[in-house]
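Trainee: Provided below are the primary sequence and the corresponding predicted coordinates.
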Amino acid sequence: MQEKYTPSDIEKAAQEYWESTQAFKAQAAKDKPKYYCLSMFPYPSGKLHMGHVRNYTIGDVLSRFHKMRGYNVLQPMGWDAFGLPAENAAIKNKVPPAKWTYDNIDYMKGQLKSLGFAIDWSRELATCRPEYYMWNQWLFLRMLEKGIAERKTQVVNWDPVDQTVLANEQVIDGRGWRTGALVEKREIPGYYLKITDYADELLNDLDTLEGWPERVKLMQANWIGKSTGVRFAFKHDITDDSGQPIDDGKLWVFTTRADTIMGVTFCAVAAEHPLALHAAKRNPDLAAFIEKCKHGSVMEADMATMEKEGLPTGLFVTHPLTGEQVPVWVGNYVLMSYGDGAVMGVPGHDERDFAFAKKYGIEIKQVMARTRTAEDSDAAEYDLFDAAGDWKEWYGWKVNVQTVNSGKYDGLGYEAAVNAVATDLAAQGIGEKKVQWRLRDWGVSRQRYWGCPIPMVLCDDCGPVPVPDEQLPVVLPEDCVPDGSGNPLLKREDFLNTPCPKCGKPAKRETDTMDTFVDSSWYYARYATGAGANTMVDAETDYWMTVDQYIGGIEHAILHLLYSRFWTKVMRDLGLVKYREPFAHLLTQGMVLNHAFSHKPEGGGKDYYWESEIDVQRDAKGQITGAKLKSDGTVLDHELTTMSKSKNNGVDPQALIEQYGADTARFFMMFAAPPEQTLEWADSGVEGAHRFLKRVWAFGHALAGQSAAAMPASLADDLAAARREIHVTLKQASYDLSKQQFNTVASACMKMLNALEKVQKDAADGWLAVAQEGFSILLRVLSPIAPHISHALWRELGYGGDILNAPWPEPLEAALKQDTVELMLQVNGKLRGSIKVAADAGKDAIEAIALADEMAIKFMEGKPAKKVVVVPGRLVNIVA
RNA sequence: GCCCGGGUGGUGAAAUUGGUAGACACAAGGGACUUAAAAUCCCUCGGCGCAAGCUGUACGGGUUCGAUUCCCGUCCCGGGCACCA
């Protein structure tokens, strides 16, 4: 056995051994419980970064741990290979996205292999391969048949100079990233998947996901956003140019606050609303305002933070309960795509309406008063409603308030008022209670090249026609090079021209491709499908699914996970799978953050710089206070954010692996922080992890070549203590693993080695027995985290077989046993010392010992003990 | 702006989920070995104090015999907000 720890040799040998024995090839087996462990597949951006290392090491630790626990483990890997960065790279380097993507996959696969993950590579897939994405197309056609997919209009960011649709990411401060042109909102046709049809089930089934973090379920529930309210109409007799009443003379709105309906002093409609468009015909100012509303962002965050602006239309509608005339405004914050594109304005009891009314001098009516409760009976000053003053929190409350100035509805609480109002509106036939969802349908059309083609043909005569199944897949040509000025497929005649499947006349293919979230919505099921399947999924899927443990970044808490859940339910309804949820347990890994430095140049866009290109200024505590570009001194913006290719702040693990080895990289990553916690990247501490592995190797080397020693019936004190320390630590480590808290499992390994090293080699008989037993425990606990060194030492020391299949160690009661325990001694909650008592001492005996203690007597200052709290095994607190 | 997290020594973190705050490490300082360096090993290490002790888990309150942990409020940082993935 080599004396020196040389990771490069050890790791290469272990990986070759695993490869030659096909150690990680997963096959259905009846004699063992299955464990499908899945990490979110990476986007092939070029190189791995530390976030990947963290994600995949977590998955690997869980996989290897479960294998040792006797499970039949599947851990697959693949590539989320379609997406925008490949097109950006093409624009920059004039390389086809396909080539760039495949090259990146090659490189990153090599990196993953060098990290020694227990992956079944035979199941590898890439979503940009026709054999994968043809099933996107196939399922899309099924959805179309069932009415789950439909064609509607969608609002997109339009760059008027490049004549192209921009992703939100490509819009910086309202301007196109390449052209700097003001971006416009534009309506174009696109396909939607009716996820809202599944809203109820997606919400209710969250309760069945016991293995999901509460915070993720909460985020999803909030996103789905079920709210009960009232949809009702304001009647009017506004007619269009042909004399027809617009929208049948009804302005529909939805509200969750029908209890405040008597406080309505205006209505606001979206810029695209028929009433707005009608009024604009005779009002140039309004027409200009509507035109202005077309610019700007489609993002919710921008909508919420932008200055709320409006203009009166000069039109009035009739309040359904008071008969009063209510002015109609156009508001830039009202979206045509939400509900009916119109809202009622109650400035007295809605904060946004309050600000709007004050800005434009609209009347503010109080229709709610605070109800006095026991807790705030003395808060008289808060009860005063002041329309001229500032907004007060309670104006918007639903509880501890009741209706006032509301005529027949006076004196009611929230629910009673809503019910009374809804009943009266229903009696008039212009309103009803309605469940409203925040969740919107999933728009899947992307005006981009590098994605899965939507299998439709546009015929002048027949309109949009689905591509027949037997013509699938619609293959994306892989040699296009996007240049930023629209979808290159529009110039590909060979792709574009095709006969209409219905009438046979010349027609054009749809050039829109699918949202890449489609690709990632079912890849987990495809991994589990047998090789060579000529269906989307097969019987083997039923064996492996559902995924027992899914691991991925918290940034996917809503969209990816919700779309995957939806897709699963659609597949179930089509009879393709039997399960209703894809992921039983979810571990949301915290992001690995790094500093990012950027600058917004004159012509628009946003440039990111590598840390090596800049000078960083720090304060005395090392906090970054500023940064300048080395080349020309440009002052840069600074943020702490997730590692990504586009921000030039990814840290490549390659240097780490080459210098210290994969085991050190893995061990350090696990040791650094618990998996769910956000982690600011710093490599200080890598040395320590490496030092530890060197000590493990050295200890193993010292034990090599010795035959197995029997454990003596009794051990010297220091050996018994060391052995106990090992078993106590093992117990803790197993518990921590069940909690998925790997940083303390890593530190447990360190504690075990510390305990073993502490006892002198020749201290007493039994040393060898304790060392051999302890080291075999240490290696097994260490092996999921640092598998290569554990594999090598396990074989060198002849513990028998392959550590991959060694049973997980169990702590021995005999080793854990102790005769006396130390209890902390508190007086009035302050630590004053400690007492030693027999391990089996009763409460009375412990009390007696505590009260007789010198420190207890001193700090009780002669006062009698009012109460003595005894926490078994932990402490005694004397209250004097 | 809205939804969800987080904040503990110089640094990463731990605390059996209400019971010894800082385990395990990193960095730093001191020492041993060495001609020297590297490597390795030993010691010190929240703050104040000679000590007894006091104080300390972002900040301000509260509940409790006892709060990093539970409740209320504030500040800061991160994630998501539907075309980045």
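Mentor: Arrived safely.
Trainee: what's around the residue lying closest to A:Ile119 once chain neighbours are set aside, how many residues?
Mentor: Spatial nearest neighbour of A:Ile119, chain neighbours left out: A:Met77 (4.7 Å); criterion: Cβ to Cβ, 6 or more residues apart in numbering. Heads up, the C-betas are built off the backbone N, CA and C, glycines and all. By the criterion of other Cβ atoms under 10 Å, A:Met77 has 21 neighbours.
Trainee: is it true that A:Met77 touches A:Glu124?
Mentor: Yes - A contact is recorded between A:Met77 and A:Glu124 when judged using Cβ atoms under 8 Å, the distance being 6.0 Å.
Trainee: got any ranges where the stretch 751-880 of chain A has weak pLDDT?
Mentor: Using pLDDT under 70 as the threshold, the predicted model of the stretch 751-880 of chain A has low-confidence ranges A:762-764.
Trainee: that one: strands as residue ranges?
Mentor: Along the stretch 751-880 of chain A, the segments classed as strands by DSSP state E, counting those that start in this stretch run A:820-827, A:830-838, A:867-871, A:875-879.
Trainee: for the third one, C-alpha coordinates in PDB please.
Mentor: If I follow you right, that is strand A:867-871. The C-alpha coordinates for strand A:867-871 follow below in PDB (Å, rounded to 0.1, in the frame of the first residue of the first chain):
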ATOM      1  CA  LYS A 867     -38.900  24.900  42.300                       C
ATOM      2  CA  VAL A 868     -36.400  22.500  40.900                       C
ATOM      3  CA  VAL A 869     -36.600  21.700  37.200                       C
ATOM      4  CA  VAL A 870     -34.800  18.400  36.200                       C
ATOM      5  CA  VAL A 871     -34.300  17.700  32.500                       C
END
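Trainee: does RNA strand B sit close to that strand?
Mentor: Yes - judged by Cβ under 7 Å from any atom of the strand, strand A:867-871 comes into contact with RNA strand B at A:Lys867, A:Val869, A:Val871.
Trainee: also the second one?
Mentor: Yes - contact check for strand A:830-838 against RNA strand B, using Cβ under 7 Å from any atom of the strand: residues in range are A:Lys830, A:Leu831, A:Arg832, A:Ser834.
Trainee: just the buried ones from these?
Mentor: A:Arg832 (16 or more other Cβ atoms under 10 Å).
Trainee: what sits against A:Glu87?
Mentor: Contact partners of A:Glu87, counting by Cβ atoms under 8 Å, 6 or more residues apart in numbering, are A:Pro97, A:Arg448, A:Tyr449, A:Trp450, A:Pro482.
Trainee: rerun at 6 Å
Mentor: The neighbours of A:Glu87, taking Cβ atoms under 6 Å, 6 or more residues apart in numbering as the test, are A:Pro97, A:Trp450, A:Pro482.
Trainee: what's the closest non-adjacent residue to the last one?
Mentor: Spelled out, that is A:Pro482. If you skip the residues right next to it in sequence, A:Pro482 has A:Glu87 as its closest partner in space, 4.6 Å away by Cβ to Cβ, 6+ apart.
Trainee: ok, now A:Ala258?
Mentor: Closest residue to A:Ala258 in three dimensions, ignoring its sequence neighbours and counting by Cβ to Cβ, 6+ apart: A:Val230, at 4.0 Å.
Trainee: circling back to that earlier point, the residue nearest to A:Pro482 belongs to a helix, doesn't it?
Mentor: Yes - residue state for A:Glu87 (DSSP: H, G, I helix; E, B strand; the rest coil) corresponds to a helix.
Trainee: look at it and report its pLDDT.
Mentor: In this prediction, A:Glu87 carries a pLDDT score of 96.
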